[in-house]
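1. starting from these lines, generate the structure:
(one chain, ligands or ions: 2)
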Amino acid sequence: ATPTALMVGTGRGAQLGILIKGPEVLEQTRKVDTVVLDKTGTVTTGEMSLAETHVADGEDVAEVLRLAGALENASEHPIARAVADAARASGDLGQVEDFGNVEGLGVQGIVDGHAVLVGRPQLLAEWSQHLPESLQSEFDRASDRGLTAVAVGWDGRARAVLVVADQVKETSAAAIAELRQLGLRPILLTGDNERVARTVAAQVGIEPGDVYAEVLPSDKVEVVKKLQSEGKVVAMIGDGVNDAAALAQADLGLAMGTGTDVAIEASDLTLVRGDLRVAVDAIRLSRRTLSIIK
Ligand code: ADP
Ligand code: MG
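-> Ligands and ions are numbered 1, 2, ... in the order given. From the prediction side, this is the model:
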């Protein structure tokens, strides 16, 4: 290939808000036929806020926020930030004596002497803390609206469901429509639950059959490998620590510039403003650059 044309492409990329690791990256972009999109922080803003707090009979909202907020204050997950911010705004946080992340499920630790869990209902179920019917129905109702809900439990009982709201980015639906026009197949990949994933997919025009939900961070890379083994040439777009391995495995990794450093390091291209339409620009740019070379 002529290095000059590729260098021009790289320079034009910078103008568009695309940082390209090396000129050769543009050659990979041309062959891509499948685009895997992480949900939280990529298709959605990832800026979550606490929208609803539902407690089981006899539980106290302030106590739920004090314990859950203290634990989440030690986590960097967008859900955790939403919970911790709301808890801090409503009162003092508890004292955390022990903290642990449970990959793809949530957080656990000791707060004010209580063994506290915050995360997916599956995490609580591992400790035989099952959601009472009233909380389960709030959990389902939130999921059906595309909102992420997490459960809170301590000392052997599920106590609350917290609903956090995340918005689909204004530009996501248009960008995904443009990907289709370029002949690319969009796929949604997330650790979040199936109902939320399907609702978000419907909002942005991704087929229900092209949704991979409840995927553990360590398994995101397996989804990319599976598509590649079917002969697909895969671009992956993500923002989180949990996307890094999948970004590295993909034929083309695109990181949101608004995302974590680990994701950016693992990727070939960085979309500076975190706008999905720029991913479409990147693909168009590479096709144009390469047609100059050919
Ligand atoms: P995503 O792919 O959507 O970025 P993750 O793999 O990071 O999701 O997390 C998957 C799910 O695990 C979340 O939707 C949430 O239910 C739960 N989870 C993970 N970390 C936390 C946390 N710190 N607090 C509460 N829930 C969490
Ligand atoms: Mg993410």
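2. can you name the next helix or strand after the longest strand anywhere in the chain?
-> Using DSSP state E to define each element, the chain has its longest strand at strand 157-165. Where DSSP states H and E defines the elements, the next helix or strand beyond strand 157-165 is helix 172-181.
3. give the other helices and strands that that following helix contacts.
-> strand 185-189, helix 194-204, helix 276-293 (3 or more Cβ pairs under 8 Å, 6 or more residues apart in numbering; DSSP states H and E). Just so you know, the C-beta spots here come from the backbone N, C-alpha and C atoms, and that holds for glycine as well.
4. so where's the stretch 151-294 of the chain uncertain?
-> Residues of the stretch 151-294 of the chain that meet the criterion pLDDT under 70 lie in 290-294.
5. show me what residue of it gets nearest to ligand 1.
-> Gly191 (2.4 Å; Cβ to the nearest ligand atom).
6. what's the neighbour count on the residue lying closest to that residue once chain neighbours are set aside?
-> Of all residues not flanking Gly191 in the chain, Gly104 sits nearest, at 5.0 Å (Cβ to Cβ, 6 or more residues apart in numbering). Neighbourhood size, Gly104 [other Cβ atoms under 10 Å]: 19.
7. would you confirm that Gly104 contacts Val241?
-> No - judged on Cβ atoms under 8 Å, Gly104 makes no contact with Val241 at a distance of 11.5 Å.
8. and the stretch 101-250 of the chain, which of its residues are near ligand 2?
-> Neighbours of ligand 2 within the stretch 101-250 of the chain, by Cβ under 5 Å from the ion: 239-240.
9. list the contacts of Glu76.
-> The contact partners of Glu76, taken as Cβ atoms under 8 Å, 6 or more residues apart in numbering, number zero.
10. name the SS class of it, please.
-> coil (DSSP: H, G, I helix; E, B strand; the rest coil).
11. over to Ala51?
-> Ala51 - assigned by three-state DSSP - is strand.
12. that one reaches Ala149, doesn't it?
-> No - applying Cβ under 8 Å, one finds Ala51 not in contact with Ala149, separated by 9.5 Å.
13. ok, the residue of the stretch 151-294 of the chain at minimum distance from ligand 2 - contacts?
-> The stretch 151-294 of the chain approaches ligand 2 most closely through Gly240 (3.6 Å), counting by Cβ to the ion. Contact analysis of Gly240 by Cβ under 8 Å, 6+ apart lists 38, 40-41, 259-260, 263.
14. and the stretch 51-200 of the chain, which residues reach ligand 1?
-> Counting by Cβ under 6 Å from any ligand atom, the residues of the stretch 51-200 of the chain close to ligand 1 are 72, 75, 77, 79-80, 104-107, 118-120, 148, 150, 190-192.
15. got a quick PyMOL command for the buried subset of those?
-> Of those, the buried ones go into a single PyMOL selection, burial set by 16 or more other Cβ atoms under 10 Å:
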select buried, resi 72+75+77+79+80+104+105+106+107+118+119+120+148+150+190+191+192
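16. dump the residue contacts of the residue most central in space within the chain.
-> The centroid of the chain falls nearest to Thr40 when counting by Cα atoms, centre = their mean (2.7 Å). Residues near Thr40 by Cβ under 8 Å, 6+ apart: 46, 78, 148, 166, 190-192, 239-240.
17. can you pull out the helices in this protein?
-> 3-16, 25-31, 61-72, 78-90, 121-125, 133-144, 172-181, 194-204, 217-229, 244-249, 261-266, 276-293 (DSSP state H).
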